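3D, please:
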Amino acid sequence: MDKIYIQDAHNHGLSFDLKDLLTAIGQPALESYWTVGSVERNEESLEVIGKDTRLIEALAASGERVSGYRLQEIAADIHQTIWSEFRGYETPTATMPWVIVVAFDSTWFEVHSSDAALLERLKAKFKNTLPPTWSRAWIP
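Residues are numbered from 1 along each chain as shown. The predicted structure is shown next:
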């Protein structure tokens with residue numbers, strides 16, 4: 001999978017969140033089945049801020065998959081995704097995700113995908129994206 005980093009900022013914070021990424025991914029995001037979890041490489045647990053975070057926290061705890069339509073509804077109540085990983089699968093039983101969205105410390109989102117056209121669309125949609133070869137020296 002290739003990846004991009006998205007860092008569009010506004011007033012010392014990101015100018016977008018999960019709901020905006022799902023909208024930018026479009027119909028494929030809605031038709032996918034998603035898991036919500038921790039950021040594996042740092043073992044950080046889900047951390048979100050919003051008017052109702054109980055549903056997304058329950059999803060992360062259960063490991064269950066939800067439709068993209070349901071995830072979009074839940075994401076509408078989230079104002080800021082600080083830490084989390086969202087894996088999108090083409091079918092409810094697929095073993096490999098086609099897209100992975102990682103919220104990293106409210107600093108950026110990573111989007112990993114086997115769909116190169118999707119990554120190009122996201123680069124065009126967001127202003128501050130970094131190429132797949134870019135890496136942060138301080139990431140463990």
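
got the contact list for Trp108?
Shown in contact with Trp108 (CB atoms under 8 Å, 6 or more residues apart in numbering): 5-7, 14. To be clear about C-beta, it is placed using only N, CA and C from the backbone, and glycine gets the same treatment.

quick check: of those residues, which has the highest neighbour count?
Ile6 (23 neighbours; other CB atoms under 10 Å).

tell me the one of the contacts of Trp108 nearest Glu120?
Closest approach to Glu120 among the contacts of Trp108 (CB to CB): Ile6, at 13.1 Å.

I'd say that closest one and Phe16 touch.
Yes - the pair Ile6 / Phe16 is scored as a contact, 7.4 Å apart, by CB atoms under 8 Å.

so what sits against both of these two?
With CB under 8 Å, 6+ apart, Ile6 and Phe16 have common neighbours 109, 126.

check this protein for its longest strand and report it.
Taking DSSP state E as the criterion, the chain has its longest strand at strand 78-89.

so for that strand, mean pLDDT?
The average pLDDT within strand 78-89 is 90.

swap in stretch 48-60?
Mean predicted confidence for stretch 48-60 is 87.

again, but for stretch 117-126
89.

list the buried ones in it?
118-119, 122, 125-126 (16 or more other CB atoms under 10 Å).
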